[in-house]
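Peer 1: need coordinates for the following:
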Amino acid sequence: MQLNPQQEKAATILSGPVLVLAGAGAGKTKTLTERIINLIESGVLPQHILAITFTNKAAGEMRERVREAIAKNPKLQFPVAEESFTPFVSTFHALGVVLLREQYQVLGVSKYFSIYDRSDSKRAIKEALAREGLDPKVWDSKKIISFISRQKGNGIRLADVKNIKDDTGDSYHRDTMIRIWSKYETIKRDDSAYDFDDLLLETAHLLKTNDQVRDHYQRRWTHIHIDEYQDTNKVQHQIIRALTNKDTNDIFAVGDPDQLIYGWRGAKLKNIMRFEKDFKDTQTVILEQNYRSTKYIIDASNAVIEKNKERFKKELFTENAQGETVGVYAGYDAPEEAKWIAETIKKQIDDGVSPGEIAVLYRANFQSRLLEEACLMNSIPYQVLGTKFYDRAEVKDTLSYIHSALNPEALVHVKRVINVPKRSLGKTSVLKIFAGKESDLTPKATKSLADFRTILTDVKNFIDTGYKVSEVISFVIERSGMEEMYRASKKEEDLERLANMYELVEVASKYDMFEAEEGLLRFLEEVALASDQDSKDDSAPMVKLMTIHAAKGLEFETVFVSGCEDALFTPRATTEQSASEEKTEEERRLFYVAMTRAKSKLFLTWAGMRMVYGQTEMNLICPFVLDIPDEYLNEENVGFSFASQRFSGSGENEEQEDIVYLDF
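Peer 2: Now for the predicted structure:
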């Protein structure tokens, strides 16, 4: 395979630590694959080569590339069909399974141990709560699983009690969580099972504490390759350090700090930033030639990411065509923005671009609703990667409260929300209620049922009073207790659920022009039929709607980045300035990843007004857009002056004092 000079340089360094800083679309997988082939040609047996990546799909693609390259190479005569004559290409978790199974006797576990999935862990946590005599309505199993997973991701085992931290700062809460965790581990051990976090944590612990086992694997895999190194967490980093022989330090790591967007999953930027310190005498090669995008897209992307301080200095370039300037569009409000995106997609398709080569990316899931609606209105085939708006649990819960209030006999809806939020009405209580045995309920359950029925009565009375549809939805969100539940959580995913619920208020506002009852019925009918309208032939090429996080690793001819607003790309409030700066840099990296998904055409769009959490907000432009020089941009809407919205000054130390307003 043909490589450029820098790729060739990286692929021909066959010993010692190598760090390849590969920009977006710079051919990192091709370089890594070629390096493996060069090793084999030099006499290294394939079975001594290890390559690790993050997803099963990426591992499968890399495995096939390596096998194909071996099969086509006339210098090599290995029977590639046999696993023993091919490099070991795997994900971190799959690697953990192999090591733990091979060392089952050392570990004192069954060779045929089970692996808990999420539902298995949830079941075991509920059993642990029962054994501890704790109320599952008070101690949420999902939060407990998240607590345990966070500790394990930081390399903390249950035995390391002194290192276990609890975000609440409540010692009773921390001690109780540890008790539950202890029972959970006992249940797993009795089941001869590991959970997904154990596959990494126990592998790291085994390699760290058992010299014989560690030496065995260092001899087996003498040449180690890690893809997407910037996405490694603390435990994965420990595994890599343990597998790397300190004498040879033969590790080949490929990554890009500019594309680290999974800090919330535990990915540590310092792992790649400290690589040269962790592995002495590292040879660093920078891949800056982009093969994906046009020059305008690359230049605009560079202008955004260069403002980050915590990065290796590099600047992408391309020999591709200059292409078109980056389109910028500001809608008066979010519906107008979505309408313009759909109409522009329609023009792109009419000009010959396949729908499958077009993507609309957004920061938050609630943004998809208007985009889905706009695609439907313009007969554009689309696919939401992730859960469609009306299929989201919190949206269904809100609607079920209305159906239950209007028709208490609608059991499917009553069952859905009778215990949302949790109100001491578990499965046993619900079965008794629907079996006509309410007299058998405990006093606590009886009171909870009465409270639930009061809520439904209040909702019904509110509807009968003649309030507008949007007001009904807002009332349900507040009166049901769901708003308080999600706000109290303070987790980003729960705040996004709340945003989705209030996006439903925006949907309902379209029916406020009708008489109260007619408007509500029309609204419920639209929602009920939405899934039927969405059904389509999945084999046909479709426009992709997805979050920016979901777009990592993908590429499209045309990309729209919607909602380029300060409110959507602003870090959540924090008490520590350093943490805020760190989060700002991750948001900037996220924006950069979105831009570099585009091959031929990139559009950045935003709305002057958008409803978030039930409030219509006036929006400022995302400052990342303002970092892009005018010569790379093209104003798509007449009457909108982008240049007038610039911050004054461009120097690193200059004060940015001017307030930026959208000018319509």
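Peer 1: check the burial of Asp231 by counting its neighbours.
Peer 2: A total of 26 residues lie near Asp231 under the criterion other CB atoms under 10 Å. C-beta: built from backbone N, CA, C; applies to glycine.
Peer 1: next, the nearest residue to it once chain neighbours are set aside: secondary structure please.
Peer 2: Distances taken as CB to CB, 6 or more residues apart in numbering place Ala267 nearest to Asp231, at 4.7 Å, with adjacent residues excluded. Here Ala267 is recorded as coil under DSSP: H, G, I helix; E, B strand; the rest coil.
Peer 1: Ala267 and Pro74, how far apart?
Peer 2: Going from Ala267 to Pro74 by CB to CB, to the nearest Å gives 41 Å.
Peer 1: compare the two (neighbour count), which wins?
Peer 2: Neighbours were counted for Ala267 and for Pro74 using other CB under 10 Å; Ala267 has more, 22 against 5.
Peer 1: ok, the more buried one touching Gln259?
Peer 2: No - with contacts counted by CB atoms under 8 Å, Ala267 stays clear of Gln259, the gap being 10.5 Å.
Peer 1: contacting residues for Glu357?
Peer 2: Shown in contact with Glu357 (CB atoms under 8 Å, 6 or more residues apart in numbering): Pro541, Phe556, Glu557, Thr558.
Peer 1: the third one touches Val353, doesn't it?
Peer 2: Read it as Glu557. Yes - if you go by CB under 8 Å, Glu557 and Val353 touch, sitting 5.6 Å apart.
Peer 1: could I get the contacts of Glu357 as CSV with pLDDT and secondary structure?
Peer 2: Output for the contacts of Glu357, formatted as CSV (pLDDT from 0 to 100; DSSP: H, G, I helix; E, B strand; the rest coil):
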residue, pLDDT, secondary structure
Pro541, 90, coil
Phe556, 96, strand
Glu557, 96, strand
Thr558, 97, strand
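Peer 1: of the residues you listed, buried ones?
Peer 2: Neighbour counting over the contacts of Glu357 (16 or more other CB atoms under 10 Å) leaves Phe556, Thr558 as the buried ones.
Peer 1: give me the neighbour count for Gln615.
Peer 2: 9.
Peer 1: and it, how far from Ala488?
Peer 2: 19 Å.
Peer 1: ok, Pro257 next?
Peer 2: 35 Å.
Peer 1: in the stretch 51-200 of the chain, where is pLDDT below threshold?
Peer 2: Counting by pLDDT under 70, the ranges of the stretch 51-200 of the chain that qualify are 77-85, 167-169.
Peer 1: can you give me the helices in it?
Peer 2: Along the stretch 51-200 of the chain, counting by DSSP state H, counting those that start in this stretch, helices occupy 56-72, 92-102, 104-107, 118-132, 141-153, 171-190, 196-209.
Peer 1: mind giving me the packing neighbours of the first one?
Peer 2: By that I understand helix 56-72. In terms of contacts (3 or more CB pairs under 8 Å, 6 or more residues apart in numbering; DSSP states H and E), helix 56-72 is packed against helix 28-41, strand 49-53, strand 88-91.
Peer 1: can you say which of these is packed in most?
Peer 2: strand 49-53 (a mean of 24; mean count of other CB atoms under 10 Å).
Peer 1: so it versus helix 56-72, what angle?
Peer 2: Per axes from the mean of the first three to the mean of the last three CA atoms, to 10 degrees, the angle that strand 49-53 makes with helix 56-72 is 150 degrees.
Peer 1: out of the helices of the stretch 51-200 of the chain, which comes closest to Ile345?
Peer 2: helix 56-72 (26.5 Å; CB to CB).
Peer 1: quick one: buried residues of the closest one?
Peer 2: Ala58, Ala59, Met62, Arg63, Arg65, Val66, Arg67, Ala69, Ile70.
Peer 1: what's the closest of those to Arg157?
Peer 2: Looking across the buried residues of helix 56-72 and measuring by CB to CB, the closest to Arg157 is Ala59, at 26.8 Å.
Peer 1: contacts only, for that closest one.
Peer 2: Neighbours of Ala59 in contact, by CB under 8 Å, 6+ apart: Ile52, Thr53, Val89, Ser90, Thr91, Ala94.
Peer 1: tell me if I'm right that the fourth one and Thr55 touch.
Peer 2: Which is Ser90. No - the criterion here is CB under 8 Å, and Ser90 misses it with Thr55 at 11.1 Å.
Peer 1: pull the longest helix from the chain.
Peer 2: Taking DSSP state H as the criterion, the chain has its longest helix at helix 443-464.
Peer 1: packing partners of it?
Peer 2: Helix 443-464 packs on helix 393-406, helix 427-434, helix 469-479, helix 516-534, going by 3+ CB pairs under 8 Å, 6+ apart.
Peer 1: residues making contact with that helix?
Peer 2: 401-402, 404-406, 408, 418, 423-425, 429, 433, 438, 441, 472, 475-476, 479-481, 516-517, 520.
Peer 1: what does stretch 377-386 give?
Peer 2: 339, 342-343, 345-346, 349, 355, 365, 368, 371-372, 375, 536, 538, 540-547, 550.
Peer 1: please save the CA atoms from that stretch in PDB.
Peer 2: Provided in PDB are the C-alpha atoms of stretch 377-386 (Å, rounded to 0.1, in the frame of the first residue of the first chain):
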ATOM      1  CA  MET A 377     -42.300  17.700   5.800                       C
ATOM      2  CA  ASN A 378     -39.800  17.600   2.900                       C
ATOM      3  CA  SER A 379     -40.100  13.900   2.200                       C
ATOM      4  CA  ILE A 380     -36.400  13.300   3.000                       C
ATOM      5  CA  PRO A 381     -35.500   9.800   3.900                       C
ATOM      6  CA  TYR A 382     -33.700   9.900   7.300                       C
ATOM      7  CA  GLN A 383     -32.400   7.700  10.000                       C
ATOM      8  CA  VAL A 384     -31.800   8.700  13.600                       C
ATOM      9  CA  LEU A 385     -28.700   7.100  15.000                       C
ATOM     10  CA  GLY A 386     -29.800   6.600  18.600                       C
END
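Peer 1: what stretches of this structure score poorly on pLDDT?
Peer 2: For the chain, the ranges with pLDDT under 70 are 1, 77-85, 167-169, 264, 490, 529-539, 571-579, 613-614, 637-664.
Peer 1: of all residues in it, which one is nearest the centre?
Peer 2: His549 (4.6 Å; CA atoms, centre = their mean).
Peer 1: how far off centre is whichever helix or strand that one is part of?
Peer 2: If you go by DSSP states H and E, His549 is part of helix 548-551. Offset of helix 548-551 from its chain centre (CA atoms, centre = their mean, to the nearest Å): 7 Å.
Peer 1: what residue of this structure is the furthest out?
Peer 2: Farthest-from-centroid check, the chain (CA atoms, centre = their mean): Ser439, 46.6 Å.
Peer 1: re earlier: need the overlap of contacts for Ala267 and Gln259.
Peer 2: In contact with both Ala267 and Gln259: Gln230, using CB under 8 Å, 6+ apart.
Peer 1: end to end on stretch 398-413, go ahead and measure it.
Peer 2: One end of stretch 398-413 to the other measures 10 Å (CA to CA, to the nearest Å).
Peer 1: flag every buried residue along it.
Peer 2: Applying 16+ other CB under 10 Å to stretch 398-413 flags Thr398, Leu399, Ser400, Tyr401, Ile402, His403, Ser404, Ala405, Leu406, His413 as buried.
Peer 1: how near is the last one to Ala488?
Peer 2: By that I understand His413. Counting by CB to CB - His413 and Ala488 are separated by 25 Å.
Peer 1: next, the buried residues of stretch 602-612.
Peer 2: The neighbour-count check on stretch 602-612 (16+ other CB under 10 Å) flags Leu602, Phe603, Leu604, Thr605, Trp606, Ala607, Gly608, Met609, Arg610, Met611, Val612 as buried.
Peer 1: cheers, nothing more for now.
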